[in-house]
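Q: Sharing a model prediction with you, sequence too.
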Amino acid sequence: MSCSLSKSILRKMDYFSDQKGIIRRFINEEGAWKNHLTNTKNYITECLKDKKLKSVAILGSGWLLDVPLEFLINNFEKIILFDINHPKQIKHKVRKFENIELICEDISGGAIRSVYNLVKIYKSEKYKTDIKEIVCPGFKPDEQPEYIISLNIINQLDILLVDYLKKHSIYNENELNCLRSRVQKSHIDSLIPGKSCLITDYEEIIYNADMTLSSRKNLIFTELPEGKNKKSWKWNFDLSGSYHHDKKVIFNVLAMEL
């Protein structure tokens, strides 16, 4: 198993630290994520239980916290887990299952390298590349599985890209939001109707310590598909006040079949 991106690039762009931060937050929240994780697993199970399929892919498998792993292992001949990096704990956990394949890939379809190279040029030549030149083709696996699950990943695809660009003050907010929109839209467009489902947090709600509303923020910068079999729930992302100081953060989540 290898990745087309070097560990050096992923480290510089904070992909490893971000992934470690997810598991730390899960542990620190002491069960606050349980409802969200259960709802996600149940939705995936309901989507797949009556489908006559041999292979299924998860985009954004991460720590497998929201993946109904036992159900998938027992019902599919091949399970392909895609992520930019598979933690060593996950590699160890799944190695005994012959029907699981781990693949390291940039799920944006190449935007990570494109952004990295753009910043490299800017730092060395002080040349500002048009942000529209950043590659955003969406994700197309070499081997097309019968069903794809986009798992709480769509609004994560642009975050670290934009954070890396912000560090170097190359683009204004409108330009960055344009990139967010392109990355997210290309991801949605790469999901095949009738052969995929989309699960995503789409709104961040921030509360004060006394649970009065502080602010709301959209996390999706493109139009979501109409979809079918829609379900929604809340994700108690951070109730400890560590994500935003002395604030509680809750995400609204939407799941749909395409």
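A: Thanks, I have the structure now. Numbering: from 1, shown residues only.

Q: Trp235 sits in which helix or strand?
A: Take DSSP states H and E as the rule and Trp235 turns out to sit in strand 228-238.

Q: other SSEs contacting the helix or strand sitting right after that strand along the chain?
A: Moving toward the C-terminus from strand 228-238, the next helix or strand (DSSP H and E) is strand 248-257. Contacts defined by 3 or more Cβ pairs under 8 Å, 6 or more residues apart in numbering; DSSP states H and E place strand 248-257 against helix 34-48, strand 196-207, strand 228-238. Every residue, glycine included, has its C-beta placed from N, CA and C.

Q: can you pull the buried residues of the first one?
A: Burial within helix 34-48, assessed by neighbour count using 16 or more other Cβ atoms under 10 Å, is assigned to His36, Leu37, Asn39, Thr40, Lys41, Tyr43, Ile44, Cys47, Leu48.

Q: Ser240: which of those is nearest?
A: His36 (15.5 Å; Cβ to Cβ).

Q: Please name the residues that touch the closest one.
A: Contacts for His36 (Cβ atoms under 8 Å, 6 or more residues apart in numbering) come out as Asp66, Trp233, Lys234, Trp235, Asn236, Phe251, Val253.

Q: Compute the distance between the second one and Ile58, please.
A: Trp233 sits 19 Å away from Ile58 when distances are taken as Cβ to Cβ, to the nearest Å.

Q: can you check the fourth one too?
A: Distance from Trp235 to Ile58, counting by Cβ to Cβ: 18 Å.

Q: same thing with the fifth one?
A: Relative to Ile58, Asn236 is positioned 23 Å away (Cβ to Cβ).

Q: now swap in the third one and tell me
A: Here the distance between Lys234 and Ile58 works out to 22 Å (Cβ to Cβ).

Q: Between these two, which is the more surrounded one?
A: More neighbours surround Ile58 than the other of Lys234 and Ile58, with 24 against 15 (other Cβ atoms under 10 Å).

Q: Need the contact partners of the one helix or strand that one maps to.
A: According to DSSP H and E, Ile58 maps onto strand 55-59. Outside of strand 55-59, the residues within contact range by Cβ under 8 Å, 6+ apart are 48, 67, 72, 76-82, 107, 139, 141, 145-151, 153.

Q: Kindly export whichever helix or strand comes after that strand (C-alpha atoms) in CSV.
A: For strand 55-59, the following helix or strand on the C-terminal side (DSSP H and E) is helix 69-75. Taking Å, rounded to 0.1, in the frame of the first residue of the first chain, the C-alpha atoms of helix 69-75 are listed here in CSV:
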residue,chain,number,x,y,z
LEU,A,69,-17.4,-2.7,9.9
GLU,A,70,-18.8,-6.0,11.0
PHE,A,71,-21.8,-5.6,8.8
LEU,A,72,-19.7,-4.9,5.8
ILE,A,73,-17.2,-7.7,6.4
ASN,A,74,-20.1,-10.2,6.7
ASN,A,75,-22.0,-9.0,3.6
